[in-house]
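Enquirer: A structural model of the following input is requested.
(chains A, B, C and D)
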There are 2 protein chains.
Amino acid sequence: MTTARRAILRALENSEDHPDALMLHDRAKEFDPTIAQATVYRTMRLLEQEGLVEKHDFGNGRARYEEAEKEQHDHLINLSTGEIIEFHDTNLEALKIEIAKRLGFDLKDHRLELYGVPRE
Amino acid sequence: MTTARRAILRALENSEDHPDALMLHDRAKEFDPTIAQATVYRTMRLLEQEGLVEKHDFGNGRARYEEAEKEQHDHLINLSTGEIIEFHDTNLEALKIEIAKRLGFDLKDHRLELYGVPRE
DNA sequence: TCAAAATATGCGAATGAGTTGCATATGCAG
DNA sequence: CTGCATATGCAACTCATTCGCATATTTTGA
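Expert: Modelled structure (predicted):
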């Protein structure tokens, strides 16, 4: 556990949004001003492999991260604002598992993103 | 309509899988041996913007494409083999729309991929 | 507590998918 | 056929992410 890693973890804890590596680098600099981007990338890869962090691709080139502790949820992206809304639906979870089973698979992972615009 | 574009369209028609730009480039070379990668990228971007092609990211860095005419479906990726299986589930479609609505949004697009291993 | 071994860091260079500038080639309208 | 608009090939460029390597920081264990 190094200064750099502590800085990244703190930056992550303080983030309510879904930051990308650049944002995390900026935020981590507050706790360790000399931290390098490469370290952020390396640490995020590590955290992802350890299952402590989830990596998402919301479609604009940069990977975005969130802590993995929370209960299972998916994302809805507001196309008007870019805002990301988390949601959970039990029926949906069950249905995903059931569909995989029907096709002859055990579901190991999944990815669901809804893209929508606010209803006027 | 140029030689290069015809070559790419034929390569696409002949593809039952979900090829990436490199694969399409290789396959298109059969019809136009001098075609450049840049042309494949440019053409795929065009086709995607026109809505004739769908672009997917199944998670290994290269975008993958399929013709867009078919009816709506999602993908299950076999983690053991990389094989991609298409499926359609009406309940799932309805549920996605309903969830978006519940959150106050009109669903414009979505992305669902299931990752699984064959049940032994 | 301290030195050696192990691991992580910062830096800049490298990678790899996708894009772009530009001079040339091709397609199409008249 | 000619002229002009558009597309192509090539090589150079982006941009996110990764890597090599020399140095710095942590950890181990005597």
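Enquirer: and residue A:39, what does it touch?
Expert: A:4, A:8 (Cβ atoms under 8 Å, 6 or more residues apart in numbering or on different chains). (Glycine included, C-beta is placed from N, CA and C.)
Enquirer: what's the distance between it and residue A:18?
Expert: 20 Å (Cβ to Cβ, to the nearest Å).
Enquirer: What of residue A:35?
Expert: Distance from residue A:35 to residue A:18, by Cβ to Cβ: 20 Å.
Enquirer: Give me the more crowded residue out of those two.
Expert: residue A:35 (23 against 18; other Cβ atoms under 10 Å in any protein chain shown).
Enquirer: ok, that one touching residue A:2?
Expert: No - using Cβ atoms under 8 Å, residue A:35 makes no contact with residue A:2, being 9.9 Å away.
Enquirer: give me the number of residues near residue A:28?
Expert: 25.
Enquirer: got it, and residue A:50?
Expert: Neighbourhood size, residue A:50 [other Cβ under 10 Å]: 9.
Enquirer: Tell me which helix or strand residue A:33 sits in.
Expert: Using DSSP states H and E, residue A:33 sits in no helix or strand.
Enquirer: Just the pLDDT for it.
Expert: Residue A:33 is assigned a pLDDT of 95 by the prediction.
Enquirer: before we move on, what about residue A:71?
Expert: 83.
Enquirer: Can you give me the distance of the residue lying closest to it once chain neighbours are set aside to residue A:5?
Expert: Excluding the flanking residues, the one nearest residue A:71 by Cβ to Cβ, 6 or more residues apart in numbering or on different chains is residue A:88, at 6.7 Å. Distance, residue A:88 to residue A:5, by Cβ to Cβ: 30 Å.
Enquirer: quick one: contacts for the closest residue to residue A:86 other than its chain neighbours?
Expert: Spatially, and ignoring its direct neighbours in sequence, residue A:86 is nearest to residue A:73 (4.6 Å; Cβ to Cβ, 6+ apart). Each residue near residue A:73 by Cβ under 8 Å, 6+ apart is listed here: A:86, A:87, A:88.
Enquirer: How about the first one: which residues does it bridge to?
Expert: What it means is residue A:86. residue A:75 (DSSP bridges).
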